[in-house]
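Asker: Just the structure for this:
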Amino acid sequence: MSAASLIEAELLRPRREDGAPFEHALDYICDAPRVVCIVGPNGGGKTAYLRALAGVDPLASGQLRLFGLDVAKVDEAEFTALRRRVAFISEGAPLLSVVSGLTNLTLPAMYHHLGTAERMRQLALDTLAFLNYPGRHDLLPAYLNQHERLLLAIARCLMLSPELLFLDEPFHMTDSACRERESEIYTRLAGERGLGVFLATHNLGFVKRCADEILFVHPAGVWLFDGWRSFASSGLTEVNMFLNVAA
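Answerer: This is a model prediction of the structure:
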């Protein structure tokens, strides 16, 4: 394996909710920052493969290496360091409900002893500026809309300077204007910040415009495509049926 690889998955099979393994194994290498979209029919396992690639859930079988480290074999100190380099945002972008948006950003950074309170506050403000955050950061999350909460969740991750960012259905419950702004953020994170950005999504408009790679997860198999053109023109029956239903 190249030392530059961000992710190397070998015969990776996630677990289903009942503990049984998914049928289809994934071999995959990510060796440079890019936008990767995981798509497929509802219930096909998009989230399971996303969480498995992020090292969030233990595998049913196979091997996952992040930055050259076998996730199943790292010790506690290595795992703590690894979690700073790999950010995961679940559907709904949950935040701490009893503290302000800004405090949601600074608390994890303070926990990891990344600097003084004032330095972390300034870093949080700079991060919000990078994301063009439109709301008030002094409010509790309950008083913010879904778009603002998602941006805060992304900013909270960026405070730890991750190299990989995983998002589960990040466009959920946001309108078309917000989705456009969010789409720009993900491409900027890959292009300007050098992150590998992985999204499980139903937003095929974003996938068509922005995906460098597409991982198609289907009950019949798991396939990797080099962008939209190769995906849409693959000729696979499963892909054609999926696109026809999505249309």
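Asker: Just list the residues touching the most centrally placed residue in the chain, thanks.
Answerer: The centre of the chain sits closest to Phe166, judged by C-alpha atoms, centre = their mean, with a distance of 1.3 Å. By C-beta atoms under 8 Å, 6 or more residues apart in numbering, Phe166 lies in contact with Leu50, Arg51, Leu53, Ala54, Val56, Val86, Ala87, Phe88, Ile89, Phe198, Leu199. (Glycine included, C-beta is placed from N, CA and C.)
Asker: Reformat those as TSV; add secondary structure and pLDDT.
Answerer: TSV is the format used below for the contacts of Phe166 (DSSP: H, G, I helix; E, B strand; the rest coil; pLDDT from 0 to 100):
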residue	secondary structure	pLDDT
Leu50	helix	98
Arg51	helix	97
Leu53	helix	98
Ala54	coil	97
Val56	coil	94
Val86	strand	96
Ala87	strand	96
Phe88	strand	96
Ile89	strand	95
Phe198	strand	98
Leu199	strand	97
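Asker: Export those to TSV and append columns for distance to Ile185.
Answerer: Formatted as TSV, the contacts of Phe166 follow (distance: C-beta to C-beta, whole Å):
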residue	distance to Ile185
Leu50	18
Arg51	22
Leu53	21
Ala54	19
Val56	22
Val86	18
Ala87	13
Phe88	16
Ile89	12
Phe198	14
Leu199	11
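Asker: Most neighbours out of these, which is it?
Answerer: In terms of neighbours by other C-beta atoms under 10 Å, the contacts of Phe166 top out with Leu53 at 29 neighbours.
Asker: what's the longest helix anywhere in the chain in contact with?
Answerer: Longest helix in the chain, counting residues (DSSP state H): helix 176-191. Identification of contacts with helix 176-191 by C-beta under 8 Å, 6+ apart yields 33-35, 131-132, 146-147, 150-151, 154, 158, 165, 167, 170-171, 174, 195-197, 199, 203, 205-206, 209-210, 212.
Asker: and those residues, which of them are in strands?
Answerer: Val35, Leu165, Leu167, Gly196, Val197, Leu199 (DSSP state E).
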